[in-house]
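> got a predicted model here, sequence first, then my questions.
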Amino acid sequence: MKRLVVAMVMICWAGSGRAEDAPAYKVELQPAPDLPSGKVATIKGTATPAGDKLFVEAIGVLQPVVVTVVARHRADHIKIVLGKQRWDEDLRHAATDDSGQVTLKLRTQGELRMTVSADHDADYWLVVWVGDEVKPDFPPALTPMDKVAAAGKSSNAVGIAIAVVLGVLILILIVWLKRKGGRS
């Protein structure tokens, strides 16, 4: 029993220095009167080698997402890494260029994790915009029964007309063949 307790303490102590335990900050999106749609958050921070960890919750797959990092000084190269489940994921990344900024456009579902870092302390602004749902304009997948019945009636009438015409042509052909056969 003593070994089990010691093992549990060792596991907890060893895991306490992991990146998962570093503080993460929830990004609170707010409507902006100057934007035609969606919600936005602007965060001012200082990127360090350890990185600032931020996340946005409850994003729908039909919502466009735009993440922009702007360095206070153009010469500062600030990196942003996007993930979903773990902080050590790198599903997508980018760094500010000579203009001092970088923008990532994406669609995702659920939570979006962002880590902003730099080789040395560098001030930045992070702008996260999550748009309103963009629902595609598809025709309905199901056809109402009254339209199916109307289409079925017209196709049945065409089928009957074709059958009658074919029947008449076959009768004419039979009569013609019998007359031709009786003459010889």
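That came in fine, so what should we check first?
> let me see the domain layout of the protein.
21-130, 142-184 (automatic domain parsing).
> strands of this structure, start to end?
Using DSSP state E, the strands of the chain run over 24-26, 30-31, 39-47, 52-59, 65-71, 78-83, 92-95, 101-106, 110-118, 122-130.
> out of the ones you listed, nearest to Val165?
Of all these, it is strand 101-106 that lies closest to Val165, at 60.1 Å by C-beta to C-beta. The C-beta positions use only the backbone N, C-alpha and C, and glycine is treated the same way.
> helices or strands up against the closest one?
strand 65-71, strand 78-83, strand 92-95 (3 or more C-beta pairs under 8 Å, 6 or more residues apart in numbering; DSSP states H and E).
> one more pass at 7 Å, please.
strand 65-71, strand 92-95 (3 or more C-beta pairs under 7 Å, 6 or more residues apart in numbering; DSSP states H and E).
> give me the sheet partners of the last one and which way each runs.
Strand 92-95 has its sheet partners listed here by DSSP bridges as strand 78-83 (antiparallel).
> same thing with the first one?
Sheet neighbours of strand 65-71, with direction, are listed as strand 101-106 (antiparallel), strand 122-130 (antiparallel) (DSSP bridges).
> other residues contacting it?
The contact list for strand 65-71 (C-beta atoms under 7 Å, 6 or more residues apart in numbering) reads 59, 78, 80, 96, 100-108, 112, 114, 116, 122, 124-130.
> just the buried ones from the residues you listed?
59, 78, 80, 96, 100-102, 108, 112, 114, 116, 122, 124, 126, 128-130 (16 or more other C-beta atoms under 10 Å).
> run the chain-centre distance for the lengthiest helix in the chain.
Taking DSSP state H as the criterion, the chain has its longest helix at helix 145-183. Put simply, helix 145-183 sits 54 Å off its chain's centre (C-alpha atoms, centre = their mean, to the nearest Å).
> tell me which of the helices and strands packed on strand 101-106 sits most buried.
Neighbour counts (mean count of other C-beta atoms under 10 Å) averaged over each of the helices and strands packed on strand 101-106 peak at strand 65-71, with a mean of 20.
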